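# A predicted structure for the sequence below; I have some questions about it.
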Amino acid sequence: MAGHRARWGTAAALTAVTAAALTGCSDDTTPSSVASKAASIASKASDVVASATAEAGRRFDDIKNGVNAKDDVRIGTPATASDGRTTVEVTATNTADSSKSFAVQVDFTDGDGKLVDAVVVTVSDVAAGGSGKGTARSTHDLSGEVKTKVSRAVRY
């Protein structure tokens with residue numbers, strides 16, 4: 001549940017930052033002021049990505065006795081949901097001899113490969129020898145070409 005709150009908090013922060021920057025009360029529209037506002041928005045967006053990545057790290061730090069399972073996870077093709085968020089299906093295959101859960105970090109990148117978001121999805125209680133599915137959902141709207149990749153995955 002904490003991960004959901006963190007994703008919503010990150011999305012809310014990005015929305016507030018963007019809204020504040022776009023609805024400023026200043027009539028100053030010189031090229032340098034516009035460039036300054038754009039740089040400020042980019043900096044704050046970078047902060048949001050750093051926050052999402054840090055939250056993903058904390059989620060993995062909380063897992064005890066996990067085993068690297070990156071090779072046991074596949075992702076589908078990213079798509080834009082009706083609410084503007086980018087989603088991708090995550091499939092985890094359990095090669096262990098008992099039921100296990102998976103934590104999977106999915107990185108979202110732009111067309112140039114620059115990280116624009118990161119989320120952790122949990123695929124719970126996958127039966128021994130079976131597969132389970134989950135959906136990774138970006139914390140905010142992503143525009144342009146979006147690619148996804150499994151950054152890390154742990155079976156526990």
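Looks like it arrived, so ask away. Numbers count the residues shown, from 1 in each chain.

# Hmm, residue 92 is touching residue 132, no?
Yes - assessed by Cβ atoms under 8 Å, residue 92 is found in contact with residue 132 at 5.3 Å. For glycine as for every other residue, the C-beta is placed from the backbone atoms N, C-alpha and C.

# Show me whatever sits in contact with both of these two.
By Cβ atoms under 8 Å, 6 or more residues apart in numbering, residue 92 and residue 132 have these common neighbours: 102, 123, 126.

# Report the contact partners of the last one.
Residues touching residue 126, when contacts are defined by Cβ under 8 Å, 6+ apart, comprise 92, 93, 94, 99, 100, 101, 102, 132.

# rerun that using 7 Å as the cut-off
Residue 126 is in contact with 92, 94, 99, 100, 101, 102, 132, counting by Cβ atoms under 7 Å, 6 or more residues apart in numbering.

# which one is the second one nearest to, not counting chain neighbours?
Distances taken as Cβ to Cβ, 6 or more residues apart in numbering place residue 126 nearest to residue 94, at 4.1 Å, with adjacent residues excluded.

# What strand or helix carries residue 58?
Assessed by DSSP states H and E, residue 58 sits inside helix 31-61.

# surely residue 106 meets residue 117?
No - Residue 106 lies out of contact with residue 117 (Cβ atoms under 7 Å); the separation is 8.8 Å.
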